[in-house]
Structure formats: structure tokens, C-alpha cells
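Peer 1: no FASTA, just this:
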């Protein structure tokens with residue numbers, strides 16, 4: 001049987017495995033993935049649900065693309081959390097963009113457009129910050 005010291009494993013392989021187990025065993029991190037997916041999903045369909053897709057076509061396309069990107073992040077956090085831990089901060093930045101994008105992309109957004117963008121953006125920002133904190137806590141070496 002081969003062991004640690006016979007050179008068959010790269011340096012740090014066991015530490016990486018331990019880190020992976022800590023991240024995967026942190027159930028708190030996994031609890032954030034569902035709400036992140038729902039925020040992304042509603043952001044993607046909000047132009048049609050709230051009825052501003054016809055009047056703000058550019059913003060509707062933007063919301064669809066960004067919402068799908070957030071859903072993909074949530075899927076990545078679920079499927080490969082050990083590889084996606086560095087992107088939890090990107091969710092917070094995306095949340096900031098979601099909150100200001102109605103005025104940047106849409107220029108003169110309606111009330112529903114602005115409220116949806118700000119509320120969902122703040123939710124994404126908070127979930128991104130929570131995810132970042134939980135990932136850092138899970139990555140700490142005891």
C-alpha cells in the first residue's frame with residue numbers, strides 16, 4: 001500500500017482533500033444555494049412577470065442574461081462547491097450591479113423595474129456576502 005511519504009501524491013494533496021471536506025461538510029454554505037438560484041430565476045423572468053419587457057427591451061434582455069448567470073453560479077456552487085468557492089464574492093458584486101443596472105441600462109426605469117432591480121440586487125449582495133463568510137469560515141484550518 002502506498003503512503004504519504006513515498007512520493008506518489010503531490011505535495012499538499014491531503015491538505016486539499018481536508019479543505020474540500022471542510023467546505024462540503026459546511027451545510028450552511030449549501031443552504032445559500034437555493035435562495036441564490038431563486039433570486040437569479042426571478043431576476044431573469046421579472047421583465048415579463050412585472051410587465052416591463054415591452055417598454056424596456058434592453059433592460060429585459062439584460063435581466064434575462066444576468067439572471068441566468070446568477071442561476072449558473074448557484075448551480076456551480078451546488079455541483080462543485082470546492083471549485084466555486086472563489087466566486088462567492090462575484091455574487092456580491094453582481095448583486096451591486098443588479099441594484100444599479102435599471103438606471104444604467106434602462107436610463108429611466110419605471111417603478112416596478114427599479115424596485116425589482118434594487119430588491120433582488122440587495123438580496124444577491126447579502127447572499128453573496130453570507131456565502132463568502134461561510135466559505136471563509138469553512139476554509140479555516142482548525
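Peer 2: Structure received. The model shown is predicted, which means the values in this text are computed figures rather than measured ones.
Peer 1: any idea how far the residue nearest to residue 35 when sequence neighbours are not counted is from residue 97?
Peer 2: Distances taken as C-beta to C-beta, 6 or more residues apart in numbering put residue 127 closest to residue 35, at 5.8 Å, once the chain neighbours are dropped. Just so you know, the C-beta spots here come from the backbone N, C-alpha and C atoms, and that holds for glycine as well. Distance, residue 127 to residue 97, by C-beta to C-beta, to the nearest Å: 14 Å.
Peer 1: for those two, indicate the residue with more neighbours.
Peer 2: residue 127 (23 against 17; other C-beta atoms under 10 Å).
Peer 1: next, work out how far apart the residue nearest to residue 35 and residue 48 are.
Peer 2: The value you get for residue 127 to residue 48, if C-beta to C-beta is used, is 23 Å.
Peer 1: before we move on, the earlier item: now for the residue nearest to residue 35: which residues touch it?
Peer 2: By C-beta atoms under 8 Å, 6 or more residues apart in numbering, the contact list for residue 127 reads 32, 35-36, 39, 91, 95.
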